[in-house]
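1. sequence plus predicted model, see below.
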Amino acid sequence: MSLEHAVAFALLAFAIIVVPGPSVLFVVGRALAVGRRAALATVLGNAAGEYLQLTLVAFGLGLVVERSELAFSAVKLLGAVYLVWLGVQTLRRGGRTLEVATPTPAVPAPGVAARAAREGFIVGATNPKTTVFFAAVLPQFVQPGAQPVALQMLVLGLVFVAIALVSDSLWALAAGTARTWLARSRRRRQALDVGSGSVMIGLGIALALSRRH
């Protein structure tokens with residue numbers, strides 16, 4: 001794979017990732033709901049889910065989702081239902097989990113971080129638009145006759161995931177810092193949960209209504 005192809009793909013990936021989209025909104029929502037450190041675990045989980053999709057695309061399985069309306073719809077609805085469920089759980093909590101004037105813990109309980117990573121992984125792995133993007137765009141940057149096609153796709157995918165990790169982590173840190181101030185007031189905590197829960201529910205509904213274009 002030539003450096004020219006890798007740089008061209010990196011520039012395209014950066015242009016797509018840097019514009020706030022569903023992934024950014026999800027990470028921000030989790031940072032506001034569970035804190036900065038747990039949100040970073042969500043970012044890692046989401047990246048792992050995206051790379052799983054990339055692996056399926058690289059070895060041909062992702063083409064099924066790209067070409068089959070039934071498979072695309074099934075994966076899409078699964079991800080949408082999960083996002084709505086996360087949003088509803090946040091709304092039900094209603095600011096009850098934090099004490100007034102208690103700052104965000106520096107290190108979350110292991111169970112909180114693990115759950116956040118698991119939630120991020122499920123969202124990343126069940127976003128069908130990521131699969132369609134990889135299946136449609138990656139082949140355009142593959143060099144026939146060079147290294148195995150699957151290996152080239154996996155390497156390009158690492159570039160995409162690395163850029164996404166940096167971008168999403170910065171969003172998580174910024175939103176987590178704002179959460180520390182919001183957590184000092186019960187009214188602000190309630191607004192925090194309503195806002196983050198509504199964002200996740202909105203993302204779930206938008207995903208359910210979206211089309212493959």
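-> Sure, I can see it. The structure presented is a predicted model; accordingly, all values stated were derived computationally and were not measured. Numbering: from 1, shown residues only.
2. packing partners for whichever helix or strand residue 181 is part of?
-> Secondary structure here is read from DSSP states H and E; on that basis residue 181 sits in helix 149-182. Identification of packing neighbours for helix 149-182 by 3 or more Cβ pairs under 8 Å, 6 or more residues apart in numbering; DSSP states H and E yields helix 3-18, helix 22-34, helix 36-58, helix 186-209. For the C-beta atoms, the positions are set from N, CA and C on the backbone; glycine is no exception.
3. low-confidence ranges, this protein, go.
-> For the chain, residues meeting the criterion pLDDT under 70 lie at 1, 19-21, 61-67, 93-110, 144-146, 182-186, 188-189, 192, 207, 211-213.
4. who's in contact with stretch 163-170?
-> Around stretch 163-170, the neighbours that count as contacts under Cβ atoms under 8 Å, 6 or more residues apart in numbering are 10, 13-14, 17-18, 23-24, 27, 40, 43-44, 46-47, 50.
5. buried subset of those, written for PyMOL?
-> To isolate the buried ones among the contacts of stretch 163-170 in PyMOL, judged by 16 or more other Cβ atoms under 10 Å, type:
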select buried, resi 10+13+14+17+23+24+27+40+43+44+46+47+50
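6. do you know which of the helices and strands packed on helix 149-182 lies nearest residue 78?
-> If you check each of those against residue 78 by Cβ to Cβ, helix 186-209 wins as the nearest, at 9.8 Å.
7. now that closest one, how far from the centre of its chain.
-> Distance of helix 186-209 from its chain centroid, counting by Cα atoms, centre = their mean, to the nearest Å, is 16 Å.
8. which helices and strands does it pack with?
-> Judged by 3+ Cβ pairs under 8 Å, 6+ apart, the packing partners of helix 186-209 are helix 22-34, helix 69-93, helix 149-182.
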